[in-house]
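build me a model:
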Amino acid sequence: MTLLTLVDGQLAYGMLPLLDRASLAVQEGERIGLIGRNGTGKSSLLSVIAGNAPLDDGELRARDGLRIAAVEQEPSLPDAPTLRESLALRGHISATHDERERWRTEARLVEFLHRFGIEAEAAWADASGGERKRAALALAFALQPDLLLLDEPTNHLDIDGITLLEAALLKHSASGAVASIIVTHDRFFLDRVATRIVELDRGVLRSYPGDFSTAERVKADQLAAEDIANRRFDKFWAQEEVWIRKGVEARRTRNEGRVRRLEMLRGERSARRERLGNVRLAIDAGERSGKLVAELDRVSKSFGGRAIVKGFSTRIARGDRVGLIGANGAGKSTLIKLILGTLAPDAGRVRLGTNVTVAYFDQLREQLDPECTVAEVVSPGSDWVEVNGARRHVLSYLGDFLFPPRRVKSPVKMLSGGERNRLLLARMFARPANLLVLDEPTNDLDIESLELLEQTLQEYTGTLLLVSHDRAFLDNVVTQTIAAEGGGFWREYVGGYSDWLAQRPAPGDAVAVPCPLPKPAEAASSPAAAPARARVKLSYKEQRELDALPAGIEALETEQGALATRMSGAGYYTQDARIIRRDQQRAEEIEASLMEKLHRWESLEGKAGSG
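The predicted structure follows:
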């Protein structure tokens, strides 16, 4: 059953329309992943569907009595003594006239707060951003909507919180109880929960059945076809422009229809909206650090009697890419400060390597002065920056991070979350560093930028410490993880998130106290240590490409066999010469494409197996 239909929706803020005759139908029980570049209008579309903003034109049809619940990127909770009371005010639960229904809603709210790991009677003022996000999600489910609108629901959630949300969505939509539209850039999340992907691209909503990985394969084919069509159009248009400039010939032929067609071509080309460009990233690792970056030997740290790190030992070498995994509040930032030597341990020993230059990406973006301009943040007191040994104007450099010239003079306080993230990356990458520390760098980045950042980090020759709850990002970037085991204990694992998931102790298993570090000679002779350092992981895009290659090769081989059978048939060469030339050309194309795909398959398989 259709819950809601958008027909020819139009919405604009500024010059370009966010919705340009966009259409969408939402069915009962489906889970739609709404994706698109930053600034394309995804949040505005959710606001329209929620009834909080009008369309400029078009129609939004909703089923009679449709109940909608929305959770914004930064949920606003009313001031109240406890979280339960704050949520009751936000959800207007006390205004329900039916006393039994009010009681049932309050009971459901307490139940969902418990499911999301939130204490109902906890003080509202003491709740962190992650706890408030969980609380808002609990309220949304407790209200039992027909349609749930979630705007970046995984931001501020740790991995446990994200998996709890996944379970709730899967459970409550399986029976058709609730449909959902989810704006997120979390690819792992989309692959887990989405039944359909809808992309908002240049004002139009494009729908792809299935999860994110499936949608990406279909979309790649569509974009390739669009590119070919655009190139053909541009070639024809250029030919017509040459014709009209001949002037005398055009007037002599009096081909008024051709002139009118050229005017139409000009109009079509002017109206075409190109896809947004990609961020261009390059990291200068500067001078190499020493082979040893940091060594912790039985380090412990406590705050207020609570053990954050207890007896932890590790050795981080040059070129390691280490991911830190743990719940919000587990102490990941504390452990990073211990590794960097900016925080003294209560017990144990920390040894730092030589010639280590650090660049730090702060998830709270505290390094950004809100009153400074974008240009001043990257290059204070100068119009030039030096990147990878080359001198570049700040306007050109910031253009690589999708800041147009008019935006460069804007103060930081006017930037969106995604723009601030890009600005912090631009500031960090403008300085050489052989140790990158990235604390939640993926928040507010769109999928294209995420994948490019992944590729850039994979090619980075320095050392990386990464804190992230983006599971796909961890899988694609890090070669080892340090995970919080509870009670201040931390443990090292080889690989990314999925590897940690497979290796971690089962719930309830005892956590062993970490052993002291082996001596350097022992570490060098350990057969397990060396492969972990050298391990190379495919990027998310490369893995999808590798997965799709066998089917593509098989399809080409099938076509090649059918073509060969037809060309060897009796009487084949008695037909039209144009058909014979076309088949010969196609046979050559297939052979070339097969060789390309086989070489690519061999290359990716070799890279994947190099660890």
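
which residues in the stretch 351-500 of the chain form strands?
Counting by DSSP state E, counting those that start in this stretch, residue ranges of the strands within the stretch 351-500 of the chain are 358-361, 384-387, 390-393, 435-439, 463-467, 480-486, 489-494.

deepest of these, which one?
strand 463-467 (a mean of 24; mean count of other CB atoms under 10 Å). From N, CA and C alone the C-beta is placed, and that goes for glycine too.

pLDDT averaged over that one - what is it?
For strand 463-467, mean pLDDT rounds to 94.

how distant is it from the center of its chain?
18 Å (CA atoms, centre = their mean, to the nearest Å).

quick one, that strand and strand 435-439 angle?
Here the directions of strand 463-467 and strand 435-439 differ by 10 degrees (axes from the mean of the first three to the mean of the last three CA atoms, to 10 degrees).

and R251, what's its pLDDT?
Looking at R251, its pLDDT stands at 50.

heads up, I number from 29, so please use that
Will do, 29 is the new start, and the previous item becomes R279.

quick one: the helices in the stretch 379-528 of the chain?
If DSSP state H, counting those that start in this stretch is used as the criterion, the helices of the stretch 379-528 of the chain fall at 402-406, 422-427, 433-436, 445-457, 475-487, 499-505, 525-531.

can you give me the buried ones in the last one?
In terms of neighbour count (16 or more other CB atoms under 10 Å), helix 525-531 has its buried residues at Y525, D527, W528.

closest to P460 out of those?
Closest approach to P460 among those (CB to CB): Y525, at 29.4 Å.

wait, the closest one sits on T509?
Yes. In this structure, Y525 is within contact of T509 by CB atoms under 8 Å, at 7.2 Å.

now the common contact residues for these two.
G351, I353, L502 (CB atoms under 8 Å, 6 or more residues apart in numbering).

picking that back up, deepest-packed of the helices of the stretch 379-528 of the chain, please.
helix 499-505 (a mean of 26).

tell me the helices and strands packed up against that helix.
With contacts taken as 3 or more CB pairs under 8 Å, 6 or more residues apart in numbering; DSSP states H and E, helix 499-505 sits against helix 215-221, strand 349-353, helix 475-487, strand 491-495, helix 525-531, helix 568-595.

closest one to G333 among those?
Closest among those, once you apply CB to CB, is strand 349-353, at 23.4 Å.

residues making contact with the closest one?
With CB under 8 Å, 6+ apart, strand 349-353 has contacts from 187, 344, 360, 363-364, 485, 491-496, 502, 505-512, 524-525, 528.

measure V206 to P173 for me?
According to CB to CB, to the nearest Å, V206 and P173 sit 6 Å apart.

of these two, which one has the most company?
Taking neighbours as other CB atoms under 10 Å, V206 and P173 compare with V206 leading, 25 against 19.

skip the chain neighbours and tell me the closest residue to the more buried one.
H200 (4.8 Å; CB to CB, 6 or more residues apart in numbering).

quickly find the element holding the one you found.
For H200, the host element (DSSP states H and E) is helix 187-202.

beyond that helix, next helix or strand please.
Toward the C-terminus from helix 187-202 - assigned by DSSP H and E - lies strand 207-211.

note down every partner strand of that following strand and its orientation.
strand 59-63 (parallel), strand 175-179 (parallel) (DSSP bridges).

show the contacting residues for the nearest residue in space to D85 that is not next to it in sequence.
The shortest distance from D85 to any non-neighbouring residue, by CB to CB, 6+ apart, is to Q38 (4.0 Å). Neighbour list for Q38: P45, L47, D48, R49, A50, L83, D84, D85, G86 [criterion: CB under 8 Å, 6+ apart].

quick one: which of these is nearest V246?
Ranked by distance to V246 (CB to CB), those are led by A50 at 18.9 Å.

let's verify the closest one: helix, strand, or coil?
At A50, secondary structure determined by DSSP: H, G, I helix; E, B strand; the rest coil is strand.

and it, how far from E227?
Counting by CB to CB, the gap from A50 to E227 is 11 Å.

shared neighbours of the two, anything?
L233.

neighbour count winner among the two?
A side-by-side neighbour count of A50 and E227, using other CB under 10 Å, places A50 first with 24 against 20.

specify the beta-bridge partners of that one.
On the basis of DSSP bridges, A50 is bridged to G37.

quick one on the thing from earlier: PyMOL command for the buried members of the contacts of Q38?
To isolate in PyMOL the members of the contacts of Q38 that are buried, counting by 16+ other CB under 10 Å, one can use:
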select buried, resi 45+47+48+50+83+86
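
redo the contacts of Q38 as TSV? Include distance to S631.
Below are these laid out as TSV (distance: CB to CB, whole Å):
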residue	distance to S631
P45	42
L47	42
D48	40
R49	43
A50	40
L83	49
D84	49
D85	50
G86	48
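
from the contacts of Q38, pick the one nearest L574.
A50 (34.3 Å).

related to what we said a few turns ago, out of the strands of the stretch 379-528 of the chain, flag the one nearest P439.
strand 412-415 (19.4 Å).

now the closest one, how far from the centre of its chain.
With CA atoms, centre = their mean, you get 28 Å for strand 412-415.

and if you look at stretch 581-597?
Taking mean C-alpha positions (CA atoms, centre = their mean), stretch 581-597 and its chain are 40 Å apart.

so what's G589 up against?
Contacts of G589 (CB under 8 Å, 6+ apart): none.

check L443 too.
V402, L451.

T382 and K319 touch, don't they?
No. The pair T382 and K319 does not pass the contact test of CB under 8 Å, sitting 9.0 Å apart.

for V337, give me phi and psi.
phi -130, psi 130 (degrees, to the nearest 10).

number of residues surrounding it?
By other CB under 10 Å, the burial measure for V337, its neighbour count, is 24.

now do the contacts for it.
Neighbour list for V337: V327, S328, K329, G359, T362, L363, L366, P373, G516, W518 [criterion: CB under 8 Å, 6+ apart].

try it again with 6 Å
V337 makes contacts with V327, S328, K329, L363, G516, as judged by CB atoms under 6 Å, 6 or more residues apart in numbering.

so can I have TSV of these showing distance to E587?
Below are these laid out as TSV (distance: CB to CB, whole Å):
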residue	distance to E587
V327	61
S328	65
K329	63
L363	55
G516	61
